[in-house]
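In: Give me a 3D structure for the following:
(one chain, ligands or ions: 1)
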Amino acid sequence: MNDLDRAMKNLSRLLMGESSEQFTDLAMQLAHEPLNVGEMEQPDGLGYVQGECGDSMWIYLKMDGDTIAQATFITDGCGATLACGSAATDMVHGLTLQQAAELGPGRIIEYLGDLPASHHHCAVLTINSLKKAIAGISPHTHT
Ligand code: FES
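Out: Residues are numbered from 1 along each chain as shown. Now for the predicted structure:
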């Protein structure tokens, strides 16, 4: 193992906990530089869920007609949650509410290339927050 590998492994431990399981390069990148992080002023939908691990995720959605124009998130969770939130908010962009509601944790794992089993609950937390945000949007409130 060279110095860079060792440094990446240490960073992984720091961000993701003590798990020795491997994260994909994309998951590591998004944990380090997440996409779409931030609160949104006057969102059309806001979902908040606290997961079993005690960590929370907020997802904000802004509609443009029938499709999701913008999605952002904030979390106090682990690095994997930052990667999952990035994946979810990127994937829902341009989808209808129905299409977004059909996404499951497996799609986030697919997007990231993989996710260690010990962190699957981070993808579940993300999807549950997304579903709450979607459920909060009435079809007639965003025209
Ligand atoms: Fe709590 Fe990842 S460990 S969300």
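In: Return the backbone torsion pair for residue 72.
Out: Note on residue 72: its backbone torsions stand at phi -130, psi 170 [degrees, to the nearest 10].
In: cool, the one 5 residues further on as well?
Out: Summarising the backbone geometry of residue 77 under the convention degrees, to the nearest 10, its torsions are phi -90, psi -170.
In: For the closest residue to it other than its chain neighbours, give its distance to the ligand.
Out: The shortest distance from residue 77 to any residue other than its chain neighbours is 3.3 Å, reached at residue 55 (C-beta to C-beta, 6 or more residues apart in numbering). In short, each C-beta sits where N, CA and C put it, glycine included. Distance of residue 55 to the ligand, computed by C-beta to the nearest ligand atom, to the nearest Å: 3 Å.
In: And for residue 70?
Out: Using C-beta to the nearest ligand atom, one obtains 23 Å as the distance from residue 70 to the ligand.
In: Near that residue, how many other residues are there?
Out: As a burial measure, residue 70 scores 16 neighbours (other C-beta atoms under 10 Å).
In: With adjacent residues omitted, what lies nearest to it?
Out: Using C-beta to C-beta, 6+ apart, the closest residue to residue 70 is residue 62 (4.1 Å).
In: ok, the one you found touching residue 89?
Out: No: using C-beta atoms under 8 Å, residue 62 makes no contact with residue 89, being 11.0 Å away.
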